[in-house]
Structures are given as structure tokens and as C-alpha cells.
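> Structure for the following, please:
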Amino acid sequence: MITESPVVEAYRELLEQLDRWFQAVREQHPGVIPCRPGCTACCHGPFDISAADVLLVRAGVQSLSGEQQGDVRNRADVLMALMRQAEPGWDGRAIADIGEDRFDALAERVADEPCPCLDDSGACLIYAYRPLVCRTMGLSMKARGNRIIENLCPIQDQFPEYAALAPQSFDLESFEEIESACLEAASVELFDSPLRGNYETTIAGAITTANG
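Reported below is the predicted structural model:
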């Protein structure tokens, strides 16, 4: 059993709010939300994750057996090599180093590549440690002031009732206050500075750079 850092513990506790919200909506709309184990529609191609997510993903990988860790790291190395091929000169760390437009173009080129944390059956090996974006992908969210976070599920058009589901209320403002503290603490743990809380990389980047 691994010993989680206080940052990872606090961040996991925060993200569990999203899990409870998602489950509550699922129970309110039985049979409507198609998200289930083995569905990997949103688990392909690189996407940006935060500094706190980096620590979370690394803790998740460390929780696996030695063989599973090796498999995940090998897949991360392969995806990282493909991304560097698509964007020569990028070290695969900070997305800000190449900018959002170039990162989006890169992501399109490797959009069919599975997340390194998927096993051969399509199951997420670090499900309890999956990043924030993975927990919000399948529902539209409504925050205060009619702020809407759209559902980005790539296959929702196959499920008309699901696609038509109205945005679901969530106290995003309170969530983001705690998230900001987690990001600052993660920045200190990763970079010895609280000033890089806006750091973003990819899951492959988090894994392949875990040791330096």
C-alpha cells in the first residue's frame, strides 16, 4: 500500500464530490446515462490535466502491481514518442510551452491513441485516481449565474435522451475554491513554488516525467 501525500488525499476527497454528484444524477435519470465500465469513447487522445492531477495520476500508477506499472509506463512512453513526433522539439511537459492551438493540433493527430492507463479490456487501471476531466466528461453542469459546462461526451448523439439531458446543478464555485488551494499545494510539491498552479500537462506527460 502506498502512502499518499496530503495533497493527493485532499484532492481525491474533493473529486469524490463530483463522483457523488454524477451518481446522484444517474439515480435521478435511470437508464439515461450510458457511461459504464468498458466504455472508452472519451479515453483516447491526449488531453490537459492540472498539477494536482499529475500527483493524483502518479499515485494511481504507484498503487498498481509491478507488472501493471510497467505496462502503463510503456504505453505512456509510446504515446509520448508519438506526441513528440507530431510536435518536434517539445519535451512533453508543459502544454503552455507549445500553446493551446498547437496542442489541439497535436491531439488531433493522435486522437485515436488510448490513454496509457487503459488495460486490454478497456478498464481504467487508476479509476479511483482518475483526473478531474474524466469525472466531468459525461454530464453538462450548471453553476451559479447560469454558468454552463457542456457535456463533451463524443458519442452522446447515439443516445438522444442522454444528449437532451438538461445541465445538472453543481456548486462549482465552492469546488473551485478548494481546487485552487490543491493546485497551489501541488505546485509546491512539484516545483517547490506556489506560482505554477496553472501548470498543465497530459497523463502520458505525468507518467513519463515522474522521476525527473
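
> Could you pull out the helices in the protein for me?
Taking DSSP state H, the helices of the chain run over residues 6-28, 51-62, 66-86, 99-109, 132-136, 160-163, 172-191, 203-208.

> Nearest to Glu150, out of those?
Ranking those by distance to Glu150, with Cβ to Cβ as the measure, places helix 132-136 first at 10.1 Å. For the C-beta atoms, the positions are set from N, CA and C on the backbone; glycine is no exception.

> Show me what the closest one packs onto, helices and strands only.
Applying 3 or more Cβ pairs under 8 Å, 6 or more residues apart in numbering; DSSP states H and E, one finds that helix 132-136 contacts helix 6-28, strand 49-50, helix 51-62.

> would you turn the ones you listed into CSV with distance to Glu100?
Converted to CSV, these look like this (distance: least, Cβ to Cβ, whole Å):
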stretch, distance to Glu100
helix 6-28, 24
strand 49-50, 14
helix 51-62, 17
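
> Make JSON lines out of the ones you listed and add mean neighbour count.
Shown next, in JSON lines, are the helices and strands packed on helix 132-136 (neighbours: other Cβ atoms under 10 Å):
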{"stretch": "helix 6-28", "mean neighbour count": "16"}
{"stretch": "strand 49-50", "mean neighbour count": "23"}
{"stretch": "helix 51-62", "mean neighbour count": "24"}
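
> Excluding chain neighbours, what is closest to Phe191?
Closest residue to Phe191 apart from its sequence neighbours, by Cβ to Cβ, 6 or more residues apart in numbering: Tyr199 at 7.4 Å.
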